[in-house]
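Enquirer: Got a predicted model here, sequence first, then my questions.
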Amino acid sequence: MQAENLRIPALIATILAWVVIAAAIIAIASMTLWLITYTQMAESPTVMVVAGIATVLGNLAYLPSIIAVLVWVYMAHSNLHRAALPGLNYSPAWATFSFFVPVMNLFVPYRAMLELANRSAGEPEELARAEVDAVFSWWGCWIGSMLVGTFIVFTILVEAVPGLWLTTPFWATLGVGILSNILNAGAAFFLIKTIKLITQDQRDGASAISTFE
């Protein structure tokens with residue numbers, strides 16, 4: 001039986017990822033316009049409001065999108081294990097929750113996704129870590145967004161401590177915000193491609209053992 005159980009989780013994750021992308025694009029456009037008008041000393045309140053709303057919408061969609069993706073990751077890995085493919089290195093639980101383990105989250109989710117993509121496509125055990133373009137692009141954008149996000153959180157925490165502050169030019173703050181949204185949009189876009197690729201392979205029974213429960 002082919003892996004039809006991925007259809008709904010993949011659809012939900014994809015829709016939420018597109019919402020994140022749309023919000024990020026609006027935020028990028030409005031922040032860029034805000035930066036231009038700032039340099040010309042002609043800031044528009046409307047642009048500021050649009051940038052703020054887009055940021056809020058993106059944040060609101062971000063958490064449920066992460067949950068949806070984690071559900072999809074768990075189910076996709078579970079399908080491989082139920083198909084009894086030999087040489088699997090990552091359990092569904094470890095592939096899913098490694099995103100939250102410090103240091104490990106810098107490489108384990110990527111390797112697990114490579115294994116998921118390659119084994120779902122019918123690659124043998126020895127090619128489980130072969131590069132997959134969509135996965136590589138997703139992970140690069142994801143790591144970049146994590147680093148930028150960590151920097152933003154760090155500056156907020158420092159400025160919240162009495163007697164401490166960071167002198168960051170306003171244009172630099174906007175620039176970091178634009179970069180963060182670009183990376184988030186890129187990660188969401190390539191994640192959509194990754195989800196589509198793996199889901200289609202499993203639904204079509206592309207694995208060498210083409211029986212998914």
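Expert: Noted; the coordinates are in hand. Numbering: from 1, shown residues only.
Enquirer: Could you check how far residue 169 is from residue 154?
Expert: Between residue 169 and residue 154 the distance is 17 Å, computed by Cβ to Cβ, to the nearest Å. C-beta coordinates here come from the backbone N, C-alpha and C atoms, glycine included.
Enquirer: Please say which of these two ends up with more neighbours.
Expert: More crowded of residue 169 and residue 154, by other Cβ atoms under 10 Å: residue 154, with 11 against 8.
Enquirer: next helix or strand past the strand or helix carrying the more buried one?
Expert: Element membership of residue 154, judged by DSSP states H and E, is helix 133-160. Following helix 133-160 in sequence order, the next helix or strand is helix 170-204 (DSSP H and E).
Enquirer: State the mean pLDDT of that following helix.
Expert: For helix 170-204, mean pLDDT rounds to 90.
Enquirer: If you count neighbours, what's buried in the longest helix along the chain?
Expert: Ordering each helix of the chain by length in residues (DSSP state H) puts helix 45-82 first. Using 16 or more other Cβ atoms under 10 Å as the test for burial, helix 45-82 gives 47-48, 50-51, 54-55, 57-58, 61-62, 65, 68-80.
Enquirer: and the angle for the helix or strand containing residue 119 with helix 133-160?
Expert: Using DSSP H and E, residue 119 sits within helix 108-120. Per axes from the mean of the first three to the mean of the last three Cα atoms, to 10 degrees, the angle that helix 108-120 makes with helix 133-160 is 160 degrees.
Enquirer: Helix 108-120 packs against which elements?
Expert: helix 45-82, helix 92-97, helix 133-160, helix 170-204 (3 or more Cβ pairs under 8 Å, 6 or more residues apart in numbering; DSSP states H and E).
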